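Colleague: Build me a structure from this.
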Amino acid sequence: MKHFLSLRDFSKEELLEIVDLAICIKNEAKKGEHIPYMEGKTLAMIFEKNSTRTRVSFEAGIYQLGGIGLFLSGKDLQLGRGEPIRDTARVISSMCDMVMIRTYEQEKIEEFAKFSKAPVINGLTDLYHPVQLMADYMTMVELGRDKNPVVAYIGDGNNMANSWLNLAGKLGFEIRIASPKGYEPLEWVVQQAEGYAKASGAKIVVTNDPKEAAKGATVLTTDVWTSMGQEEEYQKRLNDFDGFIIDEALMALADKDAIFLHCLPAHRGEEVSEGVLEGAQSHVWQEAENRLHVQKGIMVWLEKHKRQ
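Modeller: Residues are numbered from 1 along each chain as shown. Next up is the predicted model:
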């Protein structure tokens with residue numbers, strides 16, 4: 001049985017198949033055709049980390065597919081009172097057809113999946129954010145920016161940077177990660193992407209120079225400098241990330257037809273300027289909507305491959 005825990009668990013062909021399926025489902029929905037691919041199915045949505053986009057997109061998505069979503073916060077579960085993850089996994093997966101988890105530790109979601117009878121989807125961990133990267137790549141495909149792309153990720157070497165490294169390594173495009181010293185992606189994640197690149201032809205670049213990363217790039221993207229749980233580091237990070245804002249000057253170094261993406265929420269004036277976020281090259285609202293559609297594609301694909 002397949003789970004959706006990280007992009008490294010999938011082949012290039014499988015990732016592209018999911019994106020194609022998501023675009024097909026989106027096109028059907030835009031024509032008013034909400035086909036009940038998951039009629040009568042129940043999605044358990046476990047949130048140990050709060051979210052706007054993840055909750056709305058999964059809850060609306062399973063509903064549009066003919067199923068129902070159950071929102072479960074950490075306070076609603078015995079997990080918060082010390083019940084072993086394996087026990088919770090066995091119980092919830094015996095009652096629900098699919099499980100989405102948004103939590104802190106990747107190890108927690110991996111253990112849940114190990115004991116689950118139902119497919120498990122990673123809605124975000126501190127290590128990876130694979131559903132967001134699928135929405136990002138779907139947006140690139142729709143905009144025709146998937147042909148030999150050069151992606152420049154400017155910012156914290158966090159779960160988004162790790163997931164960009166996974167995706168580039170698997171699909172075979174150039175990824176440039178520009179982070180301040182001390183904030184680079186995990187070395188083993190970089191090495192793993194370089195390993196994938198030997199087969200896919202990807203080019204992996206990690207630098208401390210945002211201008212070097214942006215030069216000639218076809219996609220510029222970023223994330224907040226201070227993630228959930230790092231609030232006490234806010235002022236230090238603000239100082240350390242000085243010069244890493246994606247503003248009009250940095251966009252001018254990119255390809256003239258480059259697009260800007262952001263997983264949101266955005267902090268205007270920090271990681272991105274108001275002018276770039278609201279400008280003609282920004283496609284963040286299309287990207288945000290695509291969370292809904294790509295997650296529907298992921299759920300339908302997992303349901304289809306449940307017994308394989």
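Colleague: Now the terminal residues of stretch 201-212, how far apart.
Modeller: One end of stretch 201-212 sits 21 Å from the other (CA to CA, to the nearest Å).
Colleague: now that stretch: mean pLDDT?
Modeller: If you average the pLDDT over stretch 201-212, you get 98.
Colleague: outside of that stretch, which residues touch it?
Modeller: By CB atoms under 8 Å, 6 or more residues apart in numbering, the list of residues contacting stretch 201-212 from outside reads 152, 154, 165, 168-181, 184-185, 190, 193-194, 196-197, 213, 243-244, 250, 253. From N, CA and C alone the C-beta is placed, and that goes for glycine too.
Colleague: Of these, just the buried ones, PyMOL syntax please.
Modeller: Here is the PyMOL command that picks out the buried ones among those, judged by 16 or more other CB atoms under 10 Å:
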select buried, resi 152+154+165+168+169+170+171+172+173+174+175+176+177+178+179+180+184+185+190+193+196+197+213+244+250+253
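Colleague: among the contacts of stretch 201-212, which are in strands?
Modeller: The strands, defined by DSSP state E, take in 152, 154, 174-178 from the contacts of stretch 201-212.
Colleague: Roughly how far does residue 174 sit from residue 204?
Modeller: Distance, residue 174 to residue 204, by CB to CB, to the nearest Å: 8 Å.
Colleague: How much space separates residue 82 from residue 88?
Modeller: 11 Å.
Colleague: So between those two, which is more surrounded?
Modeller: Higher neighbour count among residue 82 and residue 88: residue 88, with 20 against 6, using other CB atoms under 10 Å.
Colleague: so that one sits in a helix?
Modeller: Yes. Assessed with DSSP: H, G, I helix; E, B strand; the rest coil, residue 88 lies in a helix.
Colleague: That one reaches residue 112, doesn't it?
Modeller: Yes. Using CB atoms under 8 Å, residue 88 is in contact with residue 112, at 7.2 Å.
Colleague: returning to that earlier point: between all of the ones in strands among the contacts of stretch 201-212, which two are separated the most?
Modeller: Greatest spatial distance among the ones in strands among the contacts of stretch 201-212 (CB to CB): 154 and 174, at 14.6 Å.
Colleague: where along the protein do the strands fall?
Modeller: Going by DSSP E, the chain shows strands at 42-47, 68-73, 98-102, 120-124, 150-154, 174-178, 203-207, 219-222, 259-262.
Colleague: Which of the ones you listed sits closest to residue 230?
Modeller: So among the strands of the chain, strand 120-124 is nearest, using CB to CB, at 14.4 Å.
Colleague: Which of the residues in stretch 59-75 are classified as buried?
Modeller: Those would be 59, 61-62, 64-65, 67, 69-70, 72, for stretch 59-75 by 16+ other CB under 10 Å.
Colleague: I'd like those residues laid out as CSV, including pLDDT and distance to residue 266.
Modeller: Below are these laid out as CSV (pLDDT from 0 to 100; distance: CB to CB, whole Å):
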residue, pLDDT, distance to residue 266
59, 98, 23
61, 98, 23
62, 98, 27
64, 97, 26
65, 98, 29
67, 98, 31
69, 98, 26
70, 97, 30
72, 93, 28
